[in-house]
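A.B. asks: Got a predicted model here, sequence first, then my questions.
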Amino acid sequence: MKAYPIKKFPVWAFVIVGLGFFTNLAAREELQARLLGQGSHFSTRATKFMISIDSYTSPEEVFKLAEILYKGSYEAFMTAFRGINKGIIRPVGGRGIKINIHAAHSFPTEKGRKITLFMQRQSWDTEAQQRTDHRFTFMVFELNLDKRENGDGKIYEQAKIRLTPQGTIEMESYNSAPLQLWGVSLKK
């Protein structure tokens, strides 16, 4: 029996590319969350967020960021960090505002899983007065989901991050009190 490896190659290439495409689609998750209004609006309104995660950050991506940080400058690191797109967060009714997610992790917990999202610090509320500290240049969303994919979370509007030797990103510290998210759920 004759083998025709050249003729079989396109079929294998198609299968590999197709599997990669469908694996990437499977990583996409849509979540929603609510934040009770803050400041003088505390009891009068809630902000709903739609969270679209396209993919999660790999250890290799974190190692590349660490290499840029340690061999280059902080500006080069921030340029590389801003160049990564893992999804977006949109406040519903936020007049076209979108917050780009630059890093995302999902870890199993005893009760379900924890999703951590990292962004460059910015505000979605044009009415809120914020005092900023230039040492805390990131914003972090922590989402805690149970086994039924429902839960709560927190927003840290002014945070510091660190890159770990295990290839993850963690929040090192924060400057402003966290904002409580409720009604966090995976859209099915």
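C.D. replies: Cool, the structure landed. Residues are numbered from 1 along each chain as shown.
A.B. asks: So which bits of stretch 162-178 are buried?
C.D. replies: The neighbour-count check on stretch 162-178 (16 or more other CB atoms under 10 Å) flags 163, 167-169, 171, 174, 176 as buried. C-betas here are computed from N, CA, C, even on glycine.
A.B. asks: One more: stretch 63-81?
C.D. replies: 65-66, 68-69, 77-78, 80-81.
A.B. asks: got it, and stretch 104-114?
C.D. replies: 104-106, 114.
A.B. asks: Most widely separated two among the buried residues of stretch 63-81?
C.D. replies: Ala66 and Met78 (13.7 Å; CB to CB).
A.B. asks: about what we covered before: so which of the buried residues of stretch 63-81 sit within helices?
C.D. replies: The helices, defined by DSSP state H, take in 65-66, 68-69, 77-78, 80-81 from the buried residues of stretch 63-81.
A.B. asks: And these, which is closest to Arg28?
C.D. replies: So of those, ranked by how close each gets to Arg28 (CB to CB), first place is Phe81, at 21.3 Å.
A.B. asks: My guess is that closest one contacts Val62. True?
C.D. replies: No: contact criterion CB atoms under 8 Å: Phe81 and Val62 do not qualify, at 10.6 Å.
A.B. asks: quick one: common contacting residues for these two?
C.D. replies: Ala103 (CB atoms under 8 Å, 6 or more residues apart in numbering).
A.B. asks: Now Gly167. Nearest residue, chain neighbours left out?
C.D. replies: Pro59 (2.5 Å; CB to CB, 6 or more residues apart in numbering).
A.B. asks: That neighbour against Ile169, yeah?
C.D. replies: No: contact criterion CB under 8 Å: Pro59 and Ile169 do not qualify, at 10.3 Å.
A.B. asks: Per-residue pLDDT of the closest residue to Phe136 other than its chain neighbours, please?
C.D. replies: Closest residue to Phe136 apart from its sequence neighbours, by CB to CB, 6+ apart: Gln158 at 3.8 Å. The model reports Gln158 with a pLDDT of 92.
A.B. asks: wait, is Gln158 part of a helix?
C.D. replies: No: using DSSP: H, G, I helix; E, B strand; the rest coil, the assignment for Gln158 is strand, not a helix.
A.B. asks: separation between it and His102?
C.D. replies: Here Gln158 is placed at a distance of 16 Å from His102 (CB to CB, to the nearest Å).
A.B. asks: repeat for Asn85
C.D. replies: 7 Å.
A.B. asks: The two: who's more crowded?
C.D. replies: Neighbours per residue (other CB atoms under 10 Å) separate Asn85 from His102, with His102 holding more: 23 against 11.
A.B. asks: Settle this for me: that one is touching Arg121, isn't it.
C.D. replies: No: contact between His102 and Arg121 fails when scored by CB under 8 Å: they sit 11.3 Å apart.
A.B. asks: Show me where this protein has its helices.
C.D. replies: Under the criterion DSSP H, helices of the chain are mapped to 5-27, 59-71, 74-83.
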